[in-house]
Every structure is written in C-alpha cells, then in structure tokens.
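Enquirer: sharing a model prediction with you, sequence too.
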Amino acid sequence: MNPDVVCVRPGMTVKEVEQLLAGRGVSGAPVVDDAGHILGVVSQSDLVRRRSTRVTAGESGRFFTDDEDYRDIASLPIDPSQTPIEEVMHKDVYSVTRETGVAIAANIMRERQIHRLLVTDQDTLVGVISSLDLMRVVEEAC
C-alpha cells in the first residue's frame, strides 16, 4: 500500500487533473470532497477516452432547450480539457482495508479489471494499492 495518495477534487477540470497526474507520476487518483469522502476514481484511460470523443453543449447537458432557434448553440463543441472531473470519474469505487491480504486484493483487481484499490480505515482513505504494487510483491517473493 502506498500511503501517499494523490487525490483530486470534483470541481477540477480534466486539464488540471491531467497535469496533476503527470506531475506526480501516477496513472489515476480518487476523487474526494472537502471532507475527504471518496466520491469516485479517475484514471488516465478515462481522460484519454474523454478527449477522444466529441462532446457538444447539448450532449453534455450544459445547454438544453426545446426552442429551435437555439439548437445551433447546443451543437457547439465543448473543449474537453475544461470538463469538470466529476463528469468523467467512475462512481464505482473498490476498496479494501489494511488487513486485506495481497492475494485477495489481487483477485479483486483481476476480477474487476481495475488497476488500483483504495485502502480505507473506518471509511477514511489511508492509501492505495496499484497493480504495480502487486507486481513488486511478486518480484520480492521470487
């Protein structure tokens, strides 16, 4: 487990999160509110997928009207780098406790096809286990 968890806030933009992840050398992070409650998780894969899709004001829900005069506005593209991360994050979060064994953590990650598990202690985020952490354990065991 790595106790030095990089966290992002729901109001941060895709661009801000991309810069944070790149600057810290991590491939994903939990999204937490001001009280530290886990709201979701975001990965570089999520960010890449978001940038590769064309999103318009109407598709994003930022602009809605039944008035035909405004349909052209709803079709305008939105800069994906300015999208709030809460629109991109996954709300399904998988976590374990400090007492969870390595084999169980690895099994959860394989079955769920995820690259990180959040480690919590009484619903408080205390660390993260990444697929690289598990690879390190395997390497040390050999």
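Expert: Received the coordinates, thanks.
Enquirer: distance check, the nearest residue to Ser131 once chain neighbours are set aside against Ala141.
Expert: Computed as C-beta to C-beta, 6 or more residues apart in numbering, the closest residue to Ser131 that is not its neighbour in sequence is His115, at 4.6 Å. For the C-beta atoms, the positions are set from N, CA and C on the backbone; glycine is no exception. From His115 across to Ala141, the span is 20 Å (C-beta to C-beta, to the nearest Å).
Enquirer: ok, Val41 next?
Expert: 28 Å.
Enquirer: the more surrounded of the two?
Expert: Val41 (25 against 7; other C-beta atoms under 10 Å).
Enquirer: tell me who's in contact with the more buried one.
Expert: Going by C-beta atoms under 8 Å, 6 or more residues apart in numbering, Val41 touches 28-31, 89-90, 93, 116, 118.
Enquirer: tell me, how many residues neighbour Pro30?
Expert: Neighbours of Pro30 (other C-beta under 10 Å): 22.
Enquirer: quickly list what it is bridged to.
Expert: Note on Pro30: beta-bridge partners by DSSP bridges are Val41.
Enquirer: so who does it touch?
Expert: Counted by C-beta under 8 Å, 6+ apart, Pro30 has contacts 5, 7-8, 38-41, 93, 118, 125, 128.
Enquirer: and Gly28, by the same measure?
Expert: Taking C-beta under 8 Å, 6+ apart, one finds 21, 41-44, 46, 115-116 in contact with Gly28.
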